[in-house]
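[1] need a 3D model of the following:
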Amino acid sequence: MWSNHPFHPQRTTGTNDTLTTQFTTARYRVILKQFVTGFPTEDDMELVTATVRLAVPPGSASVMVKNLYVACDPYMRNRMSEHNDAAYIEQFVPGEVLGIFGVSKVVSSGHPDFKAGDLVWGLTGCEEYSVITHPESLFKINHPELPLSYYTGVLGMPGVTAYAGFFDVSKPKKGDYVFVSAASGAVGQLVGQLAKIAGCYVVGSAGSDEKVSLLKTKFGFDDAFNYKKEQDLNATLKRCFPLGIDIYFENVGGAMLDAVLLNMRMHGRIAVCGMISQYNLEKPDGAPNLFCLVAKRIRMEGFMVLDYFSTYTKFEEEMAGYLKEGKITFVEDVVEAIEKVPAALIRLFSGRNVGKQLVIIARE
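    Residues are numbered from 1 along each chain as shown. Predicted structure coming up:
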C-alpha cells in the first residue's frame, strides 16, 4: 500500500488525441510543491489543472474512478519529507499528485472485478479523477446505506487501524484500564468505544475542552483530560489511573509517552499507532523512561494497518453492525471542495479538527 502506488496520475494530453471526445478539461488535483522540513504549510502544496481522459486505455486492467471524498490523515506528513534512509512509508514526489485514501465511484473499468457505477474505497489520488493501475488494492463498499464518508474513517483505514491495534495488538481483557492519547481523532474515538464494548475502563486525552467533553458525553469514555491544561502529565495520569494503566494506545509520543511509561502496570501493553507530536520536529524527542519496559515487563509493539487489510470483510460487517445498533458513533470534520485539501490537512497538525478530517470532492 505504502510503497507501490495503485493509482497513476494521468499526464496532460493534447487535443489531437484520437479519443478527444472522451476528454474533459480543467480537472483539479493537489500536488506537493517541495519537500517539507518542520511544520507544513498550505504553500507546500498547490492546486493545478490537468486534462484527463475519462476512460481506461483499451486492453488495460486499470479502473478510472471519480473521487467523492478524500481523507486527511496524520501519516501523510511523513510522506511530505525527503527520506535519505529507509522509511516505513514512501515519500511523495514533488510536482506529482498526492496519494490519499478516498471513496470513489468507478466510471470506466478494464478489470473483470469492477464495473462502472461500483462504489469503492482505497488509496487514490488527491484529484477529481484517478486511474487505479492496481485495482485489486481497492475495497468494494458493501454498506452504501451508511454514509459513504464513513469509508474514509470508521469503515475505512482508521477503523481497521483502531480495531486491529486494540484487539490484535493490545489483546484486551475485561476490566483492563485503558488510556488513549489523541482520543478525539479518527482512530482514538473508535479505540475508546471498542474498549468500552470490551468491558474496559477508558480514559482519553485531547487538546481542547470541547474535545474532552465530546469524549465523555458522545463517545462514552469514563474520563478525559485536556493535556494542554495539565502541568504535570505524570501526576495527571496517577490521578486518572490510581491503580495504573494496562493498555496504552499510543498516538502522540514525546512527553505523553514518557509519563505513561511511569504509570504502566506490570505486564502492560502499549500499541504504537503513531506519534503525531514528533512528525514536525527536526530532532525528535527521546523517552528517558524506557527502562520501565524492562522493570515492568511491558510489551510495546508497533503495527501497520496494511498487515490487517486481509481481514477487512469481517471487520466491515462487525463495525457496520455496531453502527446500526448504536454501539459506535463517529464524528467527522468535513470541508467541501478540492481546493480546501491543503488547509484541511494542515488542521490536523494544529489540532483544529474535531473528529475525522475529510474533504468532499464531489457529491453524488
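
[2] so for stretch 343-363, what gets flagged as buried?
    Neighbour counts over stretch 343-363 (16 or more other Cβ atoms under 10 Å) mark 344-349, 351, 353-361 as buried. For every residue, glycine as well, the C-beta is placed using N, CA and C.

[3] what stretches of the chain score poorly on pLDDT?
    1-26, 85-88 (pLDDT under 70).

[4] go through it and flag its longest helix.
    Counting by DSSP state H, the longest helix found in the chain is helix 312-325.

[5] packing partners of that one?
    Counting by 3 or more Cβ pairs under 8 Å, 6 or more residues apart in numbering; DSSP states H and E, the packing neighbours recorded for helix 312-325 are helix 157-163.

[6] next structured bit after the helix it packs on?
    Downstream of helix 157-163, the next assigned helix or strand under DSSP states H and E is strand 177-180.

[7] residues near Phe241, how many?
    Counted by other Cβ atoms under 10 Å, the residues lying close to Phe241 total 20.

[8] Met266 now?
    10.

[9] what separates it from Met80, distance-wise?
    Per Cβ to Cβ, to the nearest Å, Met266 is found 40 Å from Met80.

[10] partner residues bridging the closest residue to Glu128 other than its chain neighbours?
    Counting by Cβ to Cβ, 6 or more residues apart in numbering, Glu128 lies nearest to Arg27, which is 4.7 Å off, once chain neighbours are set aside. According to DSSP bridges, the partner residues bridging Arg27 are Ala50.

[11] now do the contacts for Lys173.
    Neighbouring residues of Lys173 by Cβ atoms under 8 Å, 6 or more residues apart in numbering: Asp246.

[12] and the gap between it and Tyr163?
    Note on Lys173: its distance to Tyr163, by Cβ to Cβ, is 17 Å.

[13] for Thr217, same thing?
    Per Cβ to Cβ, Thr217 is found 23 Å from Tyr163.

[14] cool, Gly244 as well?
    On the measure of Cβ to Cβ, Gly244 and Tyr163 end up 25 Å apart.

[15] and the two? which has more neighbours close in?
    For Gly244 versus Tyr163, neighbours defined as other Cβ under 10 Å are more numerous around Tyr163 (23 against 16).
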